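**Q** coordinates only, sequence not included:
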């Protein structure tokens, strides 16, 4: 077979993944490879966040503001490939287009991306069948394409055998049947026979359109900048949301959260946002006729349990409570004014959390009737 391709178990095609990568890449950038591996080998990324190498590579690009275009990440575990491979393509200032390639989930290498067609990175099941006389077909699945673009099927050209386009090797058959004592030089391997000249065909990797390897400019030409790349911006937002979620779930501390955010070049959660609120409402209470109601025991607080990222010790409030203890059903009116600080991503997020998750604490109100509490929340925010 051709370079980088072998046939195993009679008719099973095997593509050397190193050859597949070499078709699409130029020289390796050892400095970028070393920087990525050093950055991505931290204990936090490996153990605390549990990121695999392909994900770490994308986050590394986001932290460096290397634009990754939509659809520029691929993962292949096609049975023809000798090992699974993942690739992320980006634009690196001073280097130009790069490809970050990880084989079998291991630490990646950073190469120059020399392809001119994005589809080349998705092409893993396309081979050329070439005979010694120059007859050529491009083979993909059950389809064949001639150099002139005519389409046909594998069965129409090479026959409808169970493993077409392969046919059993005559030398192997003769030796196995005892017709000859001479072992076949390629035992156990079927062959592809040209239907025109009878020659033994080779399998080759289908060509990939590439550009000459040249010195990269400092600015991306056909690539978007980080600021205008929606895919990159979304990735950065997703990474930040993931890290903040880990903090909210008590998986990491606030200090670890901010350390991770700084490592990824993302805004930290250190500058608190102050939330001022007015929570007003009323609730019905059961009152026994003739009983004395101690109005002084009726106090209303605020429940911050569902508010995320509250700065410890920052919450204060005062409440005004009026009790109307008419039997058998009394009424309690309350207004709670207060404030607290949060390290939310932005004021709008802090205000949204307060509006949705700020509740009155009625645990010190005696005789509350179920489902009779009604309240509203007014909120304003300021950056401290």
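**A** Looks like it came in fine. Note that this is a predicted model, so its numbers are computed, not measured. Numbering: from 1, shown residues only.
**Q** Could you use CA atoms for every contact and neighbour count after this?
**A** OK.
**Q** tell me the domain boundaries of the chain?
**A** By the assignment in automatic domain parsing, the chain contains the domains 126-205, 273-383.
**Q** Can you add mean neighbour count and mean pLDDT and give these back as TSV?
**A** Below are the domains of the chain laid out as TSV (neighbours: other CA atoms under 10 Å; pLDDT from 0 to 100):
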stretch	mean neighbour count	mean pLDDT
domain 126-205	16	84
domain 273-383	16	91
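**Q** Now name the helix or strand holding the residue nearest to residue 295 when sequence neighbours are not counted.
**A** Excluding its sequence neighbours, the residue lying closest to residue 295 (CA to CA, 6 or more residues apart in numbering) is residue 323, at 6.3 Å. Using DSSP states H and E, the element containing residue 323 is strand 316-324.
**Q** Need the residues that contact that strand.
**A** By CA atoms under 8 Å, 6 or more residues apart in numbering, the surrounding residues in contact with strand 316-324 are 295, 298-302, 330-340.
**Q** 7 Å instead, please
**A** Contact with strand 316-324 is made by 295, 299-300, 330-340, as judged by CA atoms under 7 Å, 6 or more residues apart in numbering.
**Q** ditto for stretch 276-287
**A** 325-340, 367-369, 372-381.
**Q** Wasn't residue 57 part of a helix?
**A** Yes: counting by DSSP: H, G, I helix; E, B strand; the rest coil, residue 57 falls inside a helix.
**Q** And the next helix or strand past the longest helix along the chain?
**A** What stands out as the longest helix in the chain, according to DSSP state H, is helix 230-248. Helices and strands here follow DSSP H and E; after helix 230-248, the next one along the chain is helix 254-263.
**Q** The domains of the chain: which one's closest to residue 29?
**A** domain 126-205 (24.8 Å; CA to CA).
**Q** quick one: furthest residue from the center of this structure?
**A** residue 290 (66.7 Å; CA atoms, centre = their mean).
**Q** Point me to the helix or strand that includes it.
**A** Assigned by DSSP H and E, residue 290 falls outside every helix and strand.
**Q** ok, the closest residue to residue 243 other than its chain neighbours - how many residues close by?
**A** In this structure, residue 243 finds its nearest non-sequential neighbour in residue 257, 6.5 Å apart by CA to CA, 6+ apart. Number of residues near residue 257 (other CA atoms under 10 Å) recorded here: 22.
**Q** For residue 257, give its distance to residue 267.
**A** According to CA to CA, to the nearest Å, residue 257 stands 11 Å off from residue 267.
**Q** Show the end-to-end separation of stretch 262-281, please.
**A** End to end - CA to CA - stretch 262-281 spans 42 Å.
**Q** chain center to it: distance?
**A** Here stretch 262-281 is found 26 Å from its chain centre; the criterion is CA atoms, centre = their mean, to the nearest Å.
**Q** same question, stretch 316-333
**A** With CA atoms, centre = their mean as the basis, stretch 316-333 stands 52 Å off its chain's centre.
**Q** returning to what we had before: just the ones in helices from the contacts of stretch 276-287, please.
**A** Per DSSP H, those never map to helices.
**Q** Restricted to strands, list those residues.
**A** Among the contacts of stretch 276-287, the members falling in strands (DSSP state E) are 329-340, 374-381.
**Q** Could you check the pLDDT of residue 115?
**A** Reading off the confidence values, residue 115 has pLDDT 93.
**Q** so what's it up against?
**A** 24, 209, 210, 211.
**Q** and what of residue 364?
**A** 298, 299, 300.
**Q** State the distance from the last one to residue 27.
**A** Pointing back at residue 300 there. From residue 300 to residue 27 the distance is 69 Å (CA to CA).
**Q** Same question for the second one.
**A** From residue 299 over to residue 27 the distance is 72 Å, taken as CA to CA.
**Q** now the strands for the stretch 51-200 of the chain?
**A** Along the stretch 51-200 of the chain, the segments classed as strands by DSSP state E, counting those that start in this stretch run 73-76, 85-92, 96-103, 109-113, 126-130, 136-140, 143-145, 151-153.
**Q** and the fifth one, what does it pack onto?
**A** Using 3 or more CA pairs under 7 Å, 6 or more residues apart in numbering; DSSP states H and E, the elements in contact with strand 126-130 are strand 136-140, strand 202-205.
**Q** Repeat the analysis, applying 10 Å as the threshold.
**A** strand 136-140, strand 143-145, strand 202-205 (3 or more CA pairs under 10 Å, 6 or more residues apart in numbering; DSSP states H and E).
**Q** Considering the contacts of strand 316-324, which is situated nearest to residue 67?
**A** residue 340 (38.1 Å).
**Q** That closest one: what's its closest spatial neighbour, skipping adjacent residues?
**A** That would be residue 315: by CA to CA, 6+ apart, it lies 4.1 Å from residue 340.
**Q** thought the one you found was touching residue 307?
**A** No: taking contacts as CA atoms under 10 Å, residue 315 lies outside contact range of residue 307: 11.5 Å.
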